Structures are given as structure tokens and as C-alpha cells.
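S.K.: Okay, predicted coordinates and the sequence, questions at the end:
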Amino acid sequence: MHVMAGVMLDAQGRVLLAQRPPGKHLAGLWEFPGGKLEEGELPAAGLARELHEELGVQVTTPGDSLIRIPWRYGDRLLLLDAWVLRHWQGEPVSLEGQALQWCELDAIDLAMLAPADRPILRALQLPERYPITPADVAPESFDAWRERLVRALRAGERLILLRFPRWPLERVRELADTLLPLARRQGAQLMLSGDVDGARELGRGVGVQLKARQLMALESRPLPWDQCVGASCHDADELVHARAVADFATLSPVAATATHPDQVPLGWDAFRRMVDAAALPIYALGGMRDQDMATARQGGAQGVSGIRGFW
Ligand SMILES: Nc1nc2c([nH]c(=O)n2[C@H]2C[C@H](O)[C@@H](COP(=O)(O)OP(=O)(O)OP(=O)(O)O)O2)c(=O)[nH]1
């Protein structure tokens, strides 16, 4: 069952949610308006039809595909295909009796959404770029990197992995702490590499990027909902596990990299297949540069992550 979900974004950055009616599957939970694609119908056309039937609006510019979520509700198997729409004519009104509300993205409580919609909200909140600091930075370069990260945050980076394998843990926490007021103002997340306790201590604005081994040892997310959890994945098993534990995953290595010369690259075909099954926003990692963004997005990825070529 191919289900279209329309993420209608208004000029203030709010999205329209509709409540599933009593007596229906997932009654009472909130969803993005849309519905089942009909036989032979193209996704954009099916979504426009559903929004016209449910809300009386006329979609004027086809939207952009955001993320595709394969999901199983008991024996109901569906592909939830979410598109972002910015242009339509008419004020949405409820024509099928569903309650409607416009919501700020950060005010949406994940628990009120239909389970398959939770990764859609995450995909909306996450940026396309996920830069990682270079591994060889010496502890003496604290001030220089602090400045560099301030510039990156001011320039609009919203998700940055602070990975400094040569630094004592305390020093990385200290760096995150000094950057935190700016990160919070900019709505950015500073991700610590594997340091769940550090992230917990620092609170909102700091997240954790879990190593694959840590990910596999967890059954549920290690941080509250307002702190981001990423997972470093390399195969389908890790991606399945990440669904219950993380907000997004990096999948690597897509291409050959200088930092991990011993690993066999996945290549774009395998990457696309794994993204299709992931039900989670995925960043392509390994040999990636900004120029790979279009290929990654066409392959269904959230965006690209990397070290070289990102600073
Ligand atoms: N339209 C829509 N459906 C969603 C979302 N999230 C989500 O899990 N679903 C599920 C709920 C349903 O199982 C299915 C959508 O089916 P639908 O809305 O066309 O059909 P329904 O269940 O209301 O009606 P029916 O099967 O009883 O005819 O997808 C979402 O954001 N939008």
C-alpha cells in the first residue's frame, strides 16, 4: 500500500497536521494529510487529489520528495511517501471531519504523531549537511577550532559532529559547553562522538553520535527527545536497530576514503537500496563532498556528511 503524506509548509515554517478520525486505524493520532495512491496514479498527482478531496486546496507547484518510510502496522504493510509542499491555492478546511492544526516544527510532540510519521518530522528538522571535525586535530588547537566552529555556526551549520579522538573527553565537553549558547540561539545541535554521559550533562543543544557497537548494545534512545541521537551504521542490521534508538543514521563508506582505506565502499546502488529500507533519515558518509549532495538526495538520503571538503 503506497500512501502519500503532504507536508504543507506555510510562510511561518509551520506544518499542517490532521487527526485520524475515531473508528479508523490509528484513531486519535495526528498525521500529515494525504492518503492511498490509486492504481496507475503518479505520486504528485495522487497527493494533489487527496489534498483537494480532504482539504479543498489546489496544489499549484508539485512538492519535493522528502523521505519514504516503509512501515509495518501489524499485518498492514505500507510505504509512506512524504513530500514537502509550499504552494497551493485556498485555505485548507476539513472536508472529511478531521481536526486540523498548524504546528511549529519544534512544538510537535512525537508521541502524538502516527508512529510512521516520526521519522518524517525528524527529516524536516534535520539539515542536509553534517560536517565532522578532522581526526588529526591536536589538543593545542582548541582555540583555533573554537573560532572555526563559531564561524560555522554563524554561517548556518545546524548539525556538527565534534569528533576529536586525540583530545581528552573533558576537553571536548568543554568545547561543546563554550559553543552551547550560540548553538542554542542558532537552533543547532553539537554532536559528541560516543559520549552519551557528556551529552546528558550538557543538555539541550548537545546530541550524541553513537558508534555501531554502542548502538547495538542499546534497546531505546539514550537521550531525551530534544537531544539528537545519530548512529554510525555500515549494514542493514545496524540500520534496523537504529530505528528504535536514533533520530538518524550515517551510512558508510559510500565511496573510498583516505581515513578508512581498508573498508570496501558500498557504492551508490547498495546505498540507495539500504536507504529505501531504512525508515530513517540517512546521511551518505565516506568520500563525500558537497558536490555529492544531488546524487545522495536523489538516492533518498537526507544529505551528506564528511570531513574533508566540509571545512
Ligand atoms: N494519510 C496518511 N496516512 C498515514 C500517515 N501516517 C500513517 O501511518 N498513515 C497510515 C494510516 C493508514 O493506515 C494509512 C493511510 O490510509 P488512508 O488514510 O488512506 O486510509 P484509512 O486507513 O483512513 O482508510 P481505510 O483503510 O479504512 O479505507 O497510512 C500520514 O501521515 N498520512
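M.R.: Yes, it's here. Residues are numbered from 1 along each chain as shown.

S.K.: For the stretch 101-250 of the chain, which residues are neighbours of the ligand?
M.R.: Residues of the stretch 101-250 of the chain lying close to the ligand (CB under 6 Å from any ligand atom) are 114, 116-117. Heads up, the C-betas are built off the backbone N, CA and C, glycines and all.

S.K.: would you turn the residues you listed into TSV with neighbour count, pLDDT and secondary structure?
M.R.: Shown next, in TSV, are these (neighbours: other CB atoms under 10 Å; pLDDT from 0 to 100; DSSP: H, G, I helix; E, B strand; the rest coil):
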residue	neighbour count	pLDDT	secondary structure
114	19	95	coil
116	22	95	helix
117	24	96	helix
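
S.K.: Beyond whichever strand or helix holds residue 71, next helix or strand please.
M.R.: Applying DSSP states H and E as the criterion places residue 71 in strand 64-73. As assigned by DSSP H and E, the chain's next helix or strand after strand 64-73 is strand 76-85.

S.K.: what's that following strand packed up against?
M.R.: strand 2-8, helix 43-55, strand 64-73, helix 118-125 (3 or more CB pairs under 8 Å, 6 or more residues apart in numbering; DSSP states H and E).

S.K.: can you list the residues that contact the helix or strand following the first one?
M.R.: Once the chain leaves strand 2-8, the next helix or strand it forms, by DSSP H and E, is strand 14-19. Among residues not part of strand 14-19, those counted as contacts by CB atoms under 8 Å, 6 or more residues apart in numbering are 7-10, 28-33, 54-55, 92, 94, 98-105, 108, 113, 124.

S.K.: right, and residue 257 touches residue 287 too?
M.R.: Yes - if you go by CB atoms under 8 Å, residue 257 and residue 287 touch, sitting 4.6 Å apart.

S.K.: is it true that residue 231 touches residue 216?
M.R.: No - assessed by CB under 8 Å, residue 231 is found out of contact with residue 216, at 9.4 Å.

S.K.: if you count what's nearby, which of these two comes out ahead?
M.R.: Remark: of residue 231 and residue 216, residue 231 carries more neighbours, 26 against 15, as counted by other CB atoms under 10 Å.

S.K.: residues in contact with whatever helix or strand that one lives in?
M.R.: Element membership for residue 231, per DSSP H and E: strand 229-233. Contact with strand 229-233 is made by 130, 161, 191, 207-212, 215, 221-223, 238-239, 241-242, 245-252, 285, as judged by CB under 8 Å, 6+ apart.

S.K.: at 6 Å instead, please
M.R.: 208-212, 215, 221, 223, 239, 242, 246-251 (CB atoms under 6 Å, 6 or more residues apart in numbering).

S.K.: ChimeraX command to pick out the buried ones of those?
M.R.: A single ChimeraX command is used to select the members of the contacts of strand 229-233 judged buried by 16 or more other CB atoms under 10 Å:
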select :208,209,210,212,215,221,223,239,242,246,247,248,249,250,251
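
S.K.: Out of the contacts of strand 229-233, the closest to residue 40 would be?
M.R.: Set against residue 40, the nearest of these by CB to CB is residue 239 (31.6 Å).

S.K.: What pLDDT does the model give that closest one?
M.R.: Looking at residue 239, its pLDDT is 97.

S.K.: show me the contacts for it.
M.R.: 233, 278.

S.K.: Could you look up the SS state of it?
M.R.: Recorded secondary structure, residue 239: helix (DSSP: H, G, I helix; E, B strand; the rest coil).

S.K.: so how far is residue 149 from it?
M.R.: Residue 239 sits at a distance of 29 Å from residue 149 (criterion: CB to CB, to the nearest Å).

S.K.: what's the answer for residue 293, then?
M.R.: From residue 293 to residue 149 the distance is 22 Å (CB to CB).

S.K.: do the same with residue 71
M.R.: For residue 71, the distance to residue 149 equals 37 Å [CB to CB].

S.K.: again with residue 245
M.R.: 27 Å.
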